[in-house]
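1. quick one: sequence and predicted model below, then my questions.
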Amino acid sequence: MYIKINAPVNLSSGISIPSGSVVDIAEGYLDVKSLEEGIIPGQVATFVYASETALTEGRDPVQGVADFNPVFSGLEVSVSDYQTTAARAIFIGEVREALEEIYGADNIEVVS
C-alpha cells in the first residue's frame, strides 16, 4: 500500500516531478506513553519516488521535495484506531490527509 500523487511535485532544485509520483512509508512512530484525551501523537517518515515504476524497481527515492516535508510530524491518532487498525494503514491514512491539504483530495490516491 502506498500513496500516488496525481499532480506535479515541486523539488527544491526548481524542477518538478510530473503527476504520478509515489509516497511510501519508511517508518512510523506513535508515542503511546504520551496519550492524552484519547489521542496518541506520532510521526511518519516517508520516501518519495518519481513514479510507481521507480518504487517497484527499487530505484532511489527523490531528494529535496519542496512542497512538503517527507517527515510528517504532529500526527494525532485516536486510541480506537490504534487498537483496531494495522499500523501501516494508520500511517498511510495520516499521510494521505496531510497530502490532501497540499494537493487536494482529487489528486491523492491510495494504491493497495
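-> Sure thing, it's come through. Residues are numbered from 1 along each chain as shown.
2. show me where the protein has its helices.
-> For the chain, the helices defined by DSSP state H occupy 52-56, 79-84, 87-103.
3. closest one to Asn10 among those helices?
-> Closest to Asn10 of those, according to Cβ to Cβ: helix 87-103, at 10.2 Å. Every C-beta, even on glycine, is put in place using the N, C-alpha and C of the backbone.
4. got the buried residues for that closest one?
-> By neighbour count on 16 or more other Cβ atoms under 10 Å, the buried set for helix 87-103 is Ile90, Phe91, Ile92, Gly93, Glu94, Val95, Ala98, Leu99, Tyr103.
5. grab the nearest non-local neighbour of the fifth one.
-> Yep, that's Glu94 we're talking about. Leu75 (4.7 Å; Cβ to Cβ, 6 or more residues apart in numbering).
6. show me the shaky parts of this structure.
-> Of all residues in the chain, none has pLDDT under 70.
7. next up, the contacts around the residue nearest to Glu94.
-> Leu75 makes contact with Pro41, Gly42, Gln43, Val44, Glu94, according to Cβ atoms under 8 Å, 6 or more residues apart in numbering.
8. filter those residues to the buried ones?
-> Pro41, Gly42, Gln43, Val44, Glu94.
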